[in-house]
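> quick one, what's the 3D model for this:
(chains A and B)
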Amino acid sequence: MPNYANPAEFLRLARIAVPVTAALTGVLFAVGLYLALFDSPPDYQQGETVRIMYLHVPSAWMAMFVYIVMCSAALGTLVWRHPLADAAQKAAAPLGAGFTFLCLMTGSLWGKPMWGTWWVWDARLTSVFVLFLIYLGIIALWQVVEDQGKAARLVAIFTLVGGVNIPIIKFSVDWWNTLHQSASVFRLGGPTIAMSMLWPLLIMALAYTSLFLTLHMMAIRNEILRRRIKRLAMIAAAEGEAAPVAGIFPEPAE
Amino acid sequence: MMRDPNFGFVLAAYCVAAFVVIGMIAGTLLDYAALKKSLARLSARSGRAVDDGQK
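Numbers count the residues shown, from 1 in each chain, chains lettered A, B, ... in the order given. A predicted model of the protein is given here:
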């Protein structure tokens, strides 16, 4: 069985998988957007505004899903010391931040016509905003700690601690009185949403998931290359410094 | 759909989504292009062949 923890094996896998998942993402977005914009009916109360749901809800799911992926990668770093776990975690953070930003923006654009306000500090909105800040904190932490191994361990601990926010987001609408509606898809007793709206929503969610898988593989590949560049630059610097001292690595004649 | 009084909000939401998604894709691709260029320059200087994830 191939060892995908090996960066070279991962690069070989990504070379094959990225075009496939990219094509799948394109098809899913084309079908999902067609169904969301032209095939699904307007809501009897919200009218056409309900079409924002097909962007907002999958981005909210992805914001949490990416964080769960990062928690798994954090465990991989701390417990199993998987060679690619910290690369996977570092690569996922900007994508998670992007999905969370999209969730907040589309939620605000949906909230204004439906609730009469762009923003309210209720439990659901605030906990998602906290998630966005956590993503930004993780990105910043990677930038400020010079030693990659130390940064990986610090970020892994920070990520796992921040994971407590995920159940708070999920159950905030049940635990507190919020302006935000309660769950209508993933709930005990099944979805309460009409099938004509559920299918476009699920296809858009698949499109977002496929987009994340594609971009995540590409971003991990970038991270592997970044580390190779760093290693090569260190070797070049070491050789450049050693040459005049040792006198055994003469500069090649131009 | 365009006659809906809230059409502007729907349009704005889809524009924001397009901007964010295209931004994430472009960011990843531009990063890859820059890294590949740096890797090629360094491997040429060191004389070592390095896999850039595309060969």
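> which parts of the stretch 101-250 of chain A sit against chain B?
A:101-102, A:105-106, A:109-110, A:112-113, A:211, A:215, A:218-219, A:221-222, A:224-226, A:228-229, A:232-233, A:235-236, A:239 (Cβ under 8 Å from any Cβ of the partner chain). In this view, the C-beta of every residue, glycine as well, is placed from N, C-alpha and C.
> against which helices or strands is the host helix or strand of A:Leu206 packed?
When elements are assigned from DSSP states H and E, A:Leu206 belongs to helix A:195-246. Applying 3 or more Cβ pairs under 8 Å, 6 or more residues apart in numbering or on different chains; DSSP states H and E, one finds that helix A:195-246 makes contact with helix A:7-34, helix A:53-75, helix A:85-115, helix B:7-46.
> against which helices or strands is the third one packed?
It stands for helix A:85-115. helix A:53-75, helix A:123-144, helix A:148-162, helix A:195-246, helix B:7-46.
> and the average pLDDT for the first one is what?
The reference is to helix A:53-75. If you average the pLDDT over helix A:53-75, you get 97.
> do you know how far A:Thr214 is from A:Asp122?
As judged by Cβ to Cβ, to the nearest Å, A:Thr214 and A:Asp122 stand 34 Å apart.
> more neighbours, those two?
A:Thr214 (23 against 16; other Cβ atoms under 10 Å in any protein chain shown).
> for chain A, what's its nearest residue on chain B.
Nearest to chain A, among the residues of chain B, is B:Asp4, at 3.8 Å (Cβ to the nearest Cβ).
> so A:Ser210 touches A:Val20, yeah?
No - if you go by Cβ atoms under 8 Å, A:Ser210 and A:Val20 don't touch, sitting 9.8 Å apart.
> for the two, indicate the residue with more neighbours.
The residue with more neighbours, out of A:Ser210 and A:Val20, is A:Ser210; 20 against 12, by other Cβ under 10 Å.
> excluding its backbone neighbours, what's nearest that one?
Nearest non-adjacent residue to A:Ser210, counting by Cβ to Cβ, 6 or more residues apart in numbering or on different chains: A:Thr25, 4.2 Å away.
> now do the contacts for the one you found.
By Cβ atoms under 8 Å, 6 or more residues apart in numbering or on different chains, the contact list for A:Thr25 reads A:207, A:210-211, A:214.
> quick one: name the residues of chain B near chain A.
Counting by Cβ under 8 Å from any Cβ, chain B sits next to chain A at B:1, B:4-7, B:9-10, B:12-14, B:16-17, B:20-21, B:23-25, B:27-29, B:31-32, B:35-36, B:38-39, B:42-43, B:45-46, B:48, B:50-54.
> and the residues you listed, which are buried?
Buried subset of those (neighbour count, 16 or more other Cβ atoms under 10 Å in any protein chain shown): B:4, B:6-7, B:9-10, B:12-14, B:16-17, B:20-21, B:24-25, B:27-28, B:31-32, B:35-36, B:38-39, B:42-43, B:50-53.
> returning to what we had before: looking at the helices and strands packed on helix A:85-115, which has the lowest confidence?
Of all the helices and strands packed on helix A:85-115, mean pLDDT reaches its minimum on helix A:195-246 (a mean of 86).
> may I see the helices and strands packed on helix A:195-246 organised as a markdown table, with distance to A:Ser127 added?
Shown next, in a markdown table, are the helices and strands packed on helix A:195-246 (distance: least, Cβ to Cβ, whole Å):
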| stretch | distance to A:Ser127 |
| --- | --- |
| helix A:7-34 | 27 |
| helix A:53-75 | 10 |
| helix A:85-115 | 11 |
| helix B:7-46 | 20 |
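> wait, which of the ones you listed is closest to A:Gln46?
Smallest distance to A:Gln46 across the helices and strands packed on helix A:195-246 (Cβ to Cβ): 6.3 Å, for helix A:85-115.
> so how far is A:Thr49 from the residue of chain B closest to chain A?
For B:Asp4, the distance to A:Thr49 - Cβ to Cβ - is 7 Å.
> what sits in contact with each of those two?
The contact lists of B:Asp4 and A:Thr49 share B:Val10, where a contact means Cβ under 8 Å, 6+ apart.
> mind listing what the residue in chain A positioned nearest to chain B touches?
Relative to chain B, the nearest point of chain A is A:Glu48 (3.8 Å; Cβ to the nearest Cβ). Shown in contact with A:Glu48 (Cβ under 8 Å, 6+ apart): A:42, B:1, B:4, B:6-7, B:10.
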